[in-house]
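Chemist: Provide a 3D model corresponding to the input given below.
(one chain, ligands or ions: 1)
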Amino acid sequence: MMRSLLGRIRRKLSRVRTQITSPPSTTEKQAIRRLRDQPRSLVLWLDLIGLSAPGMPEALRDQIRSHDLTRTGVILGFKDELESRMGADLDAAYKRLEAESAASVCADVMAEMIRLKTIAQCRDAHAEGNYYRDAEPYMQKQWDGVIWPIIQNLDFQHVLELAPGHGRNTEFLRRLATSITLVDVNPNCIQACRERFGERVDGCQFRYFVTDGDSLAMIDSESQTLVYSFDSMVHFDSSVVKAYLHEIARVLRPGGSAFLHHSNYGTVAPNSDWAHNPGNRSDMTAERMRAFASEAGLEVTFQRLSGLADGWGLEDLDAFSVLRRPDGR
Ligand SMILES: C[S@@+](CC[C@H](N)C(=O)[O-])C[C@H]1O[C@@H](n2cnc3c(N)ncnc32)[C@H](O)[C@@H]1O
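Modeler: A predicted model of the protein is given here:
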């Protein structure tokens, strides 16, 4: 999976690099002056991020390094997409430079860049490949041994499965649910699920949506009894998980729950890039999940770490969290 991703990114990168002809700015002042004419230029913002880095806290400097936020980094492969998605925010950030330090403005620009870059990278890494075929045979064992003991008492009436891939979990969920809503960032995955399940199977109704990678805008508020995600969120950067949690809190019915399988590798590498970590795990942690849940108004009703015994390559690599939307909200 990662080899084909790297090949694709390398090809994109070499194409984009040939388009960047201006030499990098050498001072913050020069970088800001250049941004005046092109406030949406990703490359000019990357120059300013590099120049203002010495004024940033160590954690942010770590993120610049791990995500290679430079004019030669992987991020360049997503230049057009990021410039288009960040356009209005970059205009606003440029205006803030009149009154605020470059380091504090760049901190916000970086956060958005990292969220969008990791979404695009994770999407492209899973657009195709043998994972879906290879993972399917393990599902029964994972469902019986790991998943079912945690979720058996939850309400399966209306299930939203986030990031279903080709539907190996869906195959089990559909036997319990009245409706299943599948949401994935890859149109290919949604298409594969549509071909597999169609509109209805054995009394379970299916709906399909492609997301932009951190929102559930197409889903009605308070419409779902369970949000389920297994072996997908483990790759999502903490900023993406945080954005999704607010959406999950919105779409859950009061009393509804979310079963989320996510990374805990952030305990080892807190500011890291998922693409370089073991098992492509992200910077999420069980502790971060509890903090994000609380911020989104969700209770944590269950949490445990997951590692070698569950079949993952390192002890405590992942975590399972069950979150609940309180009845009275
Ligand atoms: C490793 S596959 C796992 C699929 C499925 N959960 C399974 O267990 O077979 C990861 C899935 O996450 C999806 N994905 C990646 N980033 C996403 C995002 N930001 N939002 C929604 N889906 C995403 C991919 O398209 C893919 O379907």
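
Chemist: CA only for contacts and neighbour counts going forward, please
Modeler: Fine.

Chemist: What strand or helix carries the residue of the chain found nearest the ligand?
Modeler: Nearest residue of the chain to the ligand (Cα to the nearest ligand atom) works out as Gly165 at 3.1 Å. Following DSSP states H and E, there is no helix or strand that holds Gly165.

Chemist: Near Leu149, how many other residues are there?
Modeler: One thing to correct before we go on: residue 149 is Pro, not Leu. Residues near Pro149, counting by other Cα atoms under 10 Å, number 10.

Chemist: tell me the pLDDT at the residue of the chain closest to the ligand?
Modeler: You'll see Gly165 listed with a pLDDT of 98.

Chemist: Make 12 the starting number, not 1.
Modeler: Let's use 12 as the start, then, which means that last one is Gly176.

Chemist: okay, and for this structure, where does confidence drop off?
Modeler: By pLDDT under 70, the weakly predicted segments of the chain are 12-21, 23-24, 26-30, 32, 340.

Chemist: That one: strands as residue ranges?
Modeler: Applying DSSP state E to the chain gives strands spanning 169-173, 190-195, 211-212, 215-221, 235-240, 263-274, 310-317, 329-335.

Chemist: Could you list the alpha-carbon positions for the second one in PDB?
Modeler: Below are the C-alpha coordinates for strand 190-195, written out as PDB (Å, rounded to 0.1, in the frame of the first residue of the first chain):
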ATOM      1  CA  SER A 190     -30.100   1.100   8.400                       C
ATOM      2  CA  ILE A 191     -26.500   1.500   7.600                       C
ATOM      3  CA  THR A 192     -24.900   4.700   6.300                       C
ATOM      4  CA  LEU A 193     -21.500   4.300   4.800                       C
ATOM      5  CA  VAL A 194     -19.200   7.300   4.700                       C
ATOM      6  CA  ASP A 195     -15.700   7.100   3.200                       C
END
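
Chemist: And the contacts of it?
Modeler: Strand 190-195 has contacts (Cα atoms under 8 Å, 6 or more residues apart in numbering) with 168-176, 184-185, 201, 215-222, 224, 227.

Chemist: Give me the domain ranges for the chain.
Modeler: 13-136, 150-335 (automatic domain parsing).

Chemist: OK, contacts around Gly318?
Modeler: 324-329.

Chemist: measure the closest residue to it other than its chain neighbours to Val279 for me?
Modeler: Using Cα to Cα, 6 or more residues apart in numbering and skipping residues adjacent in sequence, the residue nearest Gly318 is Glu326, 4.2 Å away. Using Cα to Cα, to the nearest Å, we find Glu326 at a distance of 11 Å from Val279.

Chemist: Looking at those two, which one has more neighbours?
Modeler: Legend: neighbour count by other Cα under 10 Å for Glu326 and Val279, higher for Glu326 (15 against 12).

Chemist: count of neighbours near Val196?
Modeler: Neighbour tally, Val196, other Cα under 10 Å: 25.

Chemist: gap between it and Arg335?
Modeler: 24 Å.

Chemist: Pro175 too?
Modeler: For Pro175, the distance to Arg335 - Cα to Cα - is 21 Å.

Chemist: Likewise for Glu139?
Modeler: Counting by Cα to Cα, the gap from Glu139 to Arg335 is 33 Å.

Chemist: which of the two has more neighbours?
Modeler: More crowded of Glu139 and Arg335, by other Cα under 10 Å: Arg335, with 27 against 16.

Chemist: Any idea how far stretch 62-75 is from the middle of the chain?
Modeler: 22 Å (Cα atoms, centre = their mean, to the nearest Å).

Chemist: Sort out which residues of it are buried, please.
Modeler: Neighbour-count burial for stretch 62-75 flags 62-64, 67, 71-75 (criterion: 16 or more other Cα atoms under 10 Å).

Chemist: Same list (these) but as a markdown table, adding distance to the ligand.
Modeler: Putting these into a markdown table (distance: Cα to the nearest ligand atom, whole Å) gives the following:
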| residue | distance to the ligand |
| --- | --- |
| Leu62 | 30 |
| Ser63 | 29 |
| Ala64 | 27 |
| Met67 | 27 |
| Leu71 | 22 |
| Arg72 | 24 |
| Asp73 | 22 |
| Gln74 | 19 |
| Ile75 | 21 |
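
Chemist: Which residue is the nearest non-sequential neighbour of the residue nearest the centre of the chain?
Modeler: Centroid-nearest residue in the chain, with Cα atoms, centre = their mean: Phe247, separated by 3.3 Å. Using Cα to Cα, 6+ apart and skipping residues adjacent in sequence, the residue nearest Phe247 is Ser293, 5.9 Å away.
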